[in-house]
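> Fold the following.
(one chain, ligands or ions: 1)
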Amino acid sequence: MNIPNELIDTLLKAEKVAVLTGAGISAESGIATFRDPDGLWAKFNPAELASMDGFLKNPERVWQWYQYRRQVIDKAKPNPGHTALAAMQYIFKDFTLITQNVDRLHQSAGSTDVVELHGNIIDNHCSRCQKPFEEEINIEAEEIPRCTYCGGMIRPSVVWFGEMLPEDAIFKAEDAALECDVFLTVGTSAEVYPAAMLPVAAKRAGAFLVEINPDFTHVSGIANVCVHEASGVALPQIVRLLKEQKNL
Ligand code: OAD
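The predicted structure follows:
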């Protein structure tokens with residue numbers, strides 16, 4: 001695989017680097033993406049499974065679908081793409097990792113201060129009073145737990161369609177996109193807003209825009225460099241070349 005020299009040269013000069021990841025980075029850990037031909041949204045309807053309306057119409061089905069996804073994620077391990085991004089936080093002076101993923105595999109690989117735009121699938125809160133639900137969830141259990149304060153149905157703390165993103169996360173992500181020297185978009189179709197506007201905002205603010213994705217996306221046309229390769233292959237190679245050049 002050929003990593004363009006221009007990419008390594010630009011990264012060697014960069015002080016501030018921001019990365020946006022999507023489901024593709026976890027594909028090599030065995031977690032299905034959403035919009036690929038064999039992705040989750042090819043088999044399931046997002047309006048039914050990832051919205052408050054869908055939850056209220058059929059709470060058991062939605063809860064059980066997230067329990068199934070938790071079982072898959074529980075068995076998954078970070079792959080070399082996650083590990084390479086965890087190493088990057090020590091290579092650059094200022095490094096921000098922004099993810100749309102809810103699987104917490106970046107943190108398992110050692111990344112700290114991950115900006116989670118779409119929440120996470122581990123935590124839960126009440127769908128009625130919004131209070132966090134701290135009790136441990138048995139991921140095999142099919143019955144929906146009830147809120148200890150108000151008796152409301154407990155839901156996973158992921159962001160559903162039609163819901164606001166956590167304010168501090170989107171603010172941090174926007175700041176990083178507007179201030180970085182290099183912005184890498186990795187394993188995302190860049191179809192879901194507001195996350196999808198981050199690469200565009202970064203490029204308009206003057207960043208060198210890099211896409212790592214085996215396929216073409218909306219970002220490919222405006223990226224300075226596209227690496228059409230799996231992230232678990234491309235990212236370790238980039239880290240290896242950077243470490244060699246920096247004598248790390
Ligand atoms: P998508 O499923 O839309 O896109 C995944 C991208 O990963 C595609 O462009 C693939 O080409 C790419 N890909 C597949 N395998 C890869 C690999 N090994 N290495 C690198 N890239 C690979 O997933 P997202 O863009 O993350 O939202 O989707 C965004 C949001 O849509 C998700 O966070 C989720 C979903 O609905 C919520 O749950 C709120």
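> Does the helix or strand hosting Ala169 reach the ligand?
Secondary-structure element containing Ala169, defined by DSSP states H and E: helix 167-179. No. Judged by C-beta under 6 Å from any ligand atom, helix 167-179 and the ligand are separated, with a smallest distance of 12.2 Å. Placement of C-beta: from N, CA and C, glycine included.
> Over to stretch 29-44?
Yes. Under the criterion of C-beta under 6 Å from any ligand atom, stretch 29-44 makes contact with the ligand via Thr33, Phe34, Arg35, Asp36, Gly39.
> picking that back up, now what about the helix holding Ala169, what contacts it?
16, 18, 20, 96, 98, 115-117, 183, 194-195, 198-199, 201-202, 205, 207 (C-beta atoms under 8 Å, 6 or more residues apart in numbering).
> tell me the domain ranges of this structure?
Here the domain parsing of the chain from automatic domain parsing is 1-30+77-118+165-248, 32-75+121-158.
> Closest to Cys150 out of the residues of stretch 29-44 next to the ligand?
Taking C-beta to C-beta as the measure, Cys150 lies nearest Phe34 of the residues of stretch 29-44 next to the ligand, at 32.1 Å.
> Could I get the contacting residues of the closest one?
Ala23, Leu40, Trp41, Pro46, Ser189.
> For this structure, what lies in contact range of the ligand?
Counting by C-beta under 6 Å from any ligand atom, the chain sits next to the ligand at 22-24, 27-28, 33-36, 39, 46, 50, 100, 118, 158-159, 187-189, 191-192, 213-215, 217, 230-232.
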